[in-house]
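Engineer: fold the following.
(chains A and B)
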Amino acid sequence: MRFLDHIEEWFITFLIAAATLIIFVSVAHRYAAGLAIPGVQDWLLSLNFGWTQELCIIMFVWMAKFGAAYGVRTGIHVGVDVLINRLAADTRGKFIVFGLSAGALFTGVVATLGANFVWENGMHHAVFSAFGLDFGDVPEGPTTPDLEWPTWIVYSAIPLGSSLMCFRFLQVMVSFLRTGELPHHDHGHVDGIDEEAVPVDVDPYGMNDNLHMHDLKSEMLGERRSGGDRRQSGSVVEVDRRAGERRHTDPNGGDQP
Amino acid sequence: MTALVIFGVLTVLMLTGMPISISLGLTVLTFLFTMTQVPLESVALKLFTGIEKFEIMAIPFFILAGNFLTHGGVARRMIAFATAMVGHWHGGLGLAGVVACALFAAVSGSSPATVVAIGSILLPAMVKAGFPKRFGAGVITTSGALGILIPPSIVMVMYSVATNTSVGALFMAGVVPGLVLATMLGMITWYRARKFDYPRQAKVSWRNRWRAFREAIWGLLLIFVVMGGIYTGIFTPTEAAAMSAVYAFFVAVFVYRDMRLKDVSKVLLNSANMSAMLLYIITNAVMFSFILTNENIPQHLAEWMLAKGLGQVAFLLAVNVLLLLAGNFMEPSSIVLIFAPILFPVAVVLGIDPVHFGILMTVNMEVGLCHPPVGLNLYVASGITKMGITELTIAVWPWLLTMLVFLLLVTYWPAMSLWFPRTLGMMS
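Structural biologist: Next up, the predicted model:
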């Protein structure tokens, strides 16, 4: 499991870095080839970078599919959670499980559809011919325009990525059922600020903003009250604080009086 | 009828709190399996080809560029420069906050990140200088929203993906409204600071201003790489985005030295994570709008609007209300991806300029970032100021009101958005 996590992270990191470099090199090449440097120019002109755009797209599609699976694990996918975050804990729990299983269902269906599509689009032919089997009148699949790679290999990102994502949804669901916690993503994390003595106490894992499902353990941001430093401000704060505490302590919460 | 069912299913699914991308996808699947004769293959193909557009790839690149420069060190330089320039006026640090947010927004492209980066450095300084906490929180929360209006902006790329509008023209069109909004926010800050007599900073000599400028310029050049590259035609928008990512890497690692080489892989991973989330919403939103177009829903809506005799004015008002309402529940990218394909054809029929419409949507998203129940800026600001959401909402109202006035201005005065790209000859 650890191994799979690492491969996943390593893979999407590599894809985004490589795609950036490729586009950079191709643009640099386009302008460098225009410079009249003897010898070098001929060599540069002899290189063909026409395929970079296609490769970049392919890499980003793969990154998108596997990154989306990684995103389930980091809890980055945003939803409309205003309503369910106001529900009592156990009802909310049911909605969360429903949401996660819906995710698993959708990605599962897509994985199946995708696998079917990939199989029909050339994998059938490729696999059967590789093993010397009789593939009858199954046609050889199409290839991509510039790189001339078989499209079924390129498109296999869909079934592979979606299956992984389906697995991640199930994994998150199991851990939610077991511990009542969901992975959290912190939108506002900025490096290079932590070392300062500034009042950053945005808990990277307690970030609830009504765009993510609010699990049963951590509090909503903006509900947290520390007492001490809020006393100096006016009466509105008092009302707000009480509202916050009520919401926090009363399981049937919400701000209704 | 079909339209009602589709949107009904989508709304119900979304309200259960599942990710937006999943609810879009499930709506499409439900529709496919129960209500239509559209062959499954054509939709499966969309699944593959939905994001196979080079224009879309600008999104990961811009996110990467922003993440390289979204660093406390960069924020500190921007603040130093802004304070040196405007700190001696009424509102001092508050005014500097608006300017610093505008500058930082131009390089980071993310509103919540701007609020954290500028806010967590500037707010303590403001409190120490004698400003009430609420004043500072109000300034930073709203000014941070400039991030999605001042180019390069992810939300604008989303809009161009959804409607096939030129990214370059949109970026250029964002410049003047961005400056106007920054000025308006600055003016209200100045006015309130003068009224309540808040402290001012000492005037800084021109030599020190020049020094602060030289420190900040490396980050600011990013916007020139993007805008200049697109305008002169050296790069396509996506190439400009990739170049800005490489440039940001060099500045962060070798010029500013805020980041060590070993931190780079973390930045890459975070950017990949964020971009994959957005690309996943795009994939499903593309399928969703394919279904809508297939059922001719936007066309029917347009016909209905025309039959009712709704003109530009009424339509734009309705759009504003609709988007402001949606801003209560969703974050900007999803709103643009879901609503733009529906509203855009109507806007075109009514003769509204696509670029103007895009700027209007972006400004709406900005307002949505600053008010509850869903306003990312508000939540992030609540984290750094330790203020409750209700208190923060009260703190931001003068600036939020300013933004609403600005929204009206943008809506009914297209020339403000369109003048600049037209002058540059980037649109007719």
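Engineer: what mean pLDDT does stretch A:70-81 get?
Structural biologist: Average pLDDT, stretch A:70-81: 85.
Engineer: let me redo that: stretch B:37-49
Structural biologist: Averaging pLDDT along stretch B:37-49 gives 72.
Engineer: would you agree A:Gly141 is in contact with A:Phe128?
Structural biologist: No - contact criterion CB atoms under 8 Å: A:Gly141 and A:Phe128 do not qualify, at 11.9 Å. For glycine as for every other residue, the C-beta is placed from the backbone atoms N, C-alpha and C.
Engineer: who's more crowded, these two?
Structural biologist: A:Gly141 (19 against 14; other CB atoms under 10 Å in any protein chain shown).
Engineer: is that one located within a strand, as I assumed?
Structural biologist: No - counting by DSSP: H, G, I helix; E, B strand; the rest coil, A:Gly141 is not part of a strand but coil.
Engineer: okay, which residue is most central for chain B?
Structural biologist: Taking CA atoms, centre = their mean, the centroid of chain B lies closest to B:Ile148, which sits 2.0 Å from it.
Engineer: C-terminal to the lowest-mean-pLDDT helix or strand in chain B, what's the next element?
Structural biologist: Across the helices and strands of chain B, the lowest-confidence element by mean pLDDT, DSSP states H and E is helix B:40-49, at a mean of 71. Note on helix B:40-49: by DSSP states H and E, the next helix or strand toward the C-terminus is helix B:58-69.
Engineer: is any part of that following helix close to chain A?
Structural biologist: Yes - counting by CB under 8 Å from any CB of the partner chain, contacts between helix B:58-69 and chain A involve B:60-61, B:64.
Engineer: could I get those as a markdown table with pLDDT, distance to B:Thr114 and neighbour count?
Structural biologist: Output for the residues of helix B:58-69 next to chain A, formatted as a markdown table (pLDDT from 0 to 100; distance: CB to CB, whole Å; neighbours: other CB atoms under 10 Å in any protein chain shown):
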| residue | pLDDT | distance to B:Thr114 | neighbour count |
| --- | --- | --- | --- |
| B:Pro60 | 91 | 20 | 31 |
| B:Phe61 | 92 | 19 | 31 |
| B:Leu64 | 90 | 17 | 27 |
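Engineer: and the stretch 101-250 of chain B, which residues reach chain A?
Structural biologist: So far as CB under 8 Å from any CB goes, the stretch 101-250 of chain B lies against chain A at B:112-113, B:115-117, B:120-121, B:123-124, B:133-134, B:234-235, B:238-239, B:242-243, B:245-246.
Engineer: can you go through those residues and name the buried ones?
Structural biologist: B:112-113, B:115-117, B:120-121, B:123-124, B:133-134, B:235, B:238-239, B:242-243, B:245-246 (16 or more other CB atoms under 10 Å in any protein chain shown).
Engineer: residues near whichever residue of chain B sits closest to chain A, how many?
Structural biologist: Using CB to the nearest CB, the closest approach of chain B to chain A is made by B:Ala276 at 2.3 Å. Each residue near B:Ala276 was counted by other CB under 10 Å, and the total is 28.
Engineer: ok so, going back, so which of the residues of the stretch 101-250 of chain B next to chain A belong to helices?
Structural biologist: Judged by DSSP state H, the subset of those located in helices is B:112-113, B:115-117, B:120-121, B:123-124, B:133-134, B:238-239, B:242-243, B:245-246.
Engineer: mean confidence score for the host helix or strand of B:Pro398?
Structural biologist: For B:Pro398, the host element (DSSP H and E) is helix B:389-412. Across helix B:389-412, pLDDT averages out at 90.
Engineer: how long is stretch B:141-152 end to end?
Structural biologist: Start and end residues of stretch B:141-152 are separated by 20 Å (CA to CA, to the nearest Å).
Engineer: and the helices in chain A?
Structural biologist: Taking DSSP H as the test, the helices found in chain A are A:2-32, A:40-46, A:52-74, A:89-118, A:124-130, A:151-155, A:157-179, A:235-249.
Engineer: now the angle between helix B:58-69 and whatever helix or strand B:Val99 lives in, please.
Structural biologist: In this structure, B:Val99 sits in helix B:92-108 according to DSSP H and E. Here helix B:92-108 runs at an angle of 130 degrees relative to helix B:58-69 (axes from the mean of the first three to the mean of the last three CA atoms, to 10 degrees).
Engineer: so where's the stretch 151-257 of chain A shaky on pLDDT?
Structural biologist: A:185-211, A:213-257 (pLDDT under 70).
Engineer: flag every buried residue along the host helix or strand of B:Val28.
Structural biologist: Secondary structure assignment for B:Val28, by DSSP H and E: helix B:20-34. The neighbour-count check on helix B:20-34 (16+ other CB under 10 Å) flags B:20-29, B:31-32 as buried.
Engineer: these also near chain A: which ones?
Structural biologist: Contacts with chain A within the buried residues of helix B:20-34, as defined by CB under 8 Å from any CB: B:20-23, B:25-26, B:29.
Engineer: quick check: mean pLDDT of the helix holding B:Val28?
Structural biologist: For helix B:20-34, mean pLDDT is 88.
Engineer: right, and B:Gln201 touches B:Met85 too?
Structural biologist: No - with contact defined as CB under 8 Å, B:Gln201 does not count as touching B:Met85 (10.6 Å).
Engineer: shared neighbours of those two, anything?
Structural biologist: Common neighbours of B:Gln201 and B:Met85 are listed as B:Ala96 (criterion: CB atoms under 8 Å, 6 or more residues apart in numbering or on different chains).
Engineer: show me the contacts for B:Ser334.
Structural biologist: B:Ser334 makes contact with A:78, B:20, B:281, B:285, according to CB under 8 Å, 6+ apart.
Engineer: how close does it sit to A:Ile16?
Structural biologist: B:Ser334 is 22 Å from A:Ile16, where distance means CB to CB, to the nearest Å.
Engineer: now A:Arg168
Structural biologist: Per CB to CB, A:Arg168 is found 19 Å from A:Ile16.
Engineer: and these two? which has more neighbours close in?
Structural biologist: Just comparing A:Arg168 and A:Ile16: by other CB under 10 Å the higher neighbour count belongs to A:Ile16, 27 against 24.
Engineer: okay, now B:Met18: neighbour count?
Structural biologist: 28.
Engineer: for it, what are its contacts?
Structural biologist: A:79, A:98-100, A:102-103, B:26.
Engineer: filter the residues you listed to the buried ones?
Structural biologist: A:79, A:99-100, A:102-103, B:26.
Engineer: taking the stretch 51-200 of chain A, what residue is nearest to chain B?
Structural biologist: Closest point on the stretch 51-200 of chain A to chain B, by CB to the nearest CB, is A:Gly67, at 2.3 Å.
Engineer: verify the stated contact: that residue with B:Ala272.
Structural biologist: Yes - counting by CB under 8 Å, A:Gly67 does reach B:Ala272; the two are 5.0 Å apart.
Engineer: got any residues that touch both of those two?
Structural biologist: With CB under 8 Å, 6+ apart, A:Gly67 and B:Ala272 have common neighbours A:Ile12.
Engineer: ok, is stretch A:15-30 in contact with chain B or not?
Structural biologist: Yes - on the criterion CB under 8 Å from any CB, stretch A:15-30 is in touch with chain B at A:15-17, A:19-21, A:23-24, A:27.
Engineer: not counting that stretch itself, show me its contacts.
Structural biologist: A:44, A:47, A:49, A:52-53, A:55-56, A:59-60, A:62-63, A:66, B:57, B:60-61, B:64, B:235, B:238-239, B:242-243, B:245-246, B:268, B:271-272, B:275.
Engineer: now that stretch: buried residues?
Structural biologist: Counting neighbours by 16+ other CB under 10 Å, one finds that the buried residues in stretch A:15-30 are A:15-17, A:19-20, A:22-27, A:29.
Engineer: quick one: these as TSV, columns for pLDDT too.
Structural biologist: Converted to TSV, these look like this (pLDDT from 0 to 100):
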residue	pLDDT
A:Leu15	93
A:Ile16	93
A:Ala17	93
A:Ala19	92
A:Thr20	92
A:Ile22	91
A:Ile23	91
A:Phe24	91
A:Val25	90
A:Ser26	89
A:Val27	89
A:His29	86
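Engineer: okay, those in a markdown table with distance to B:Leu324 next?
Structural biologist: Shown next, in a markdown table, are these (distance: CB to CB, whole Å):
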| residue | distance to B:Leu324 |
| --- | --- |
| A:Leu15 | 37 |
| A:Ile16 | 34 |
| A:Ala17 | 39 |
| A:Ala19 | 37 |
| A:Thr20 | 37 |
| A:Ile22 | 41 |
| A:Ile23 | 37 |
| A:Phe24 | 40 |
| A:Val25 | 45 |
| A:Ser26 | 42 |
| A:Val27 | 40 |
| A:His29 | 47 |
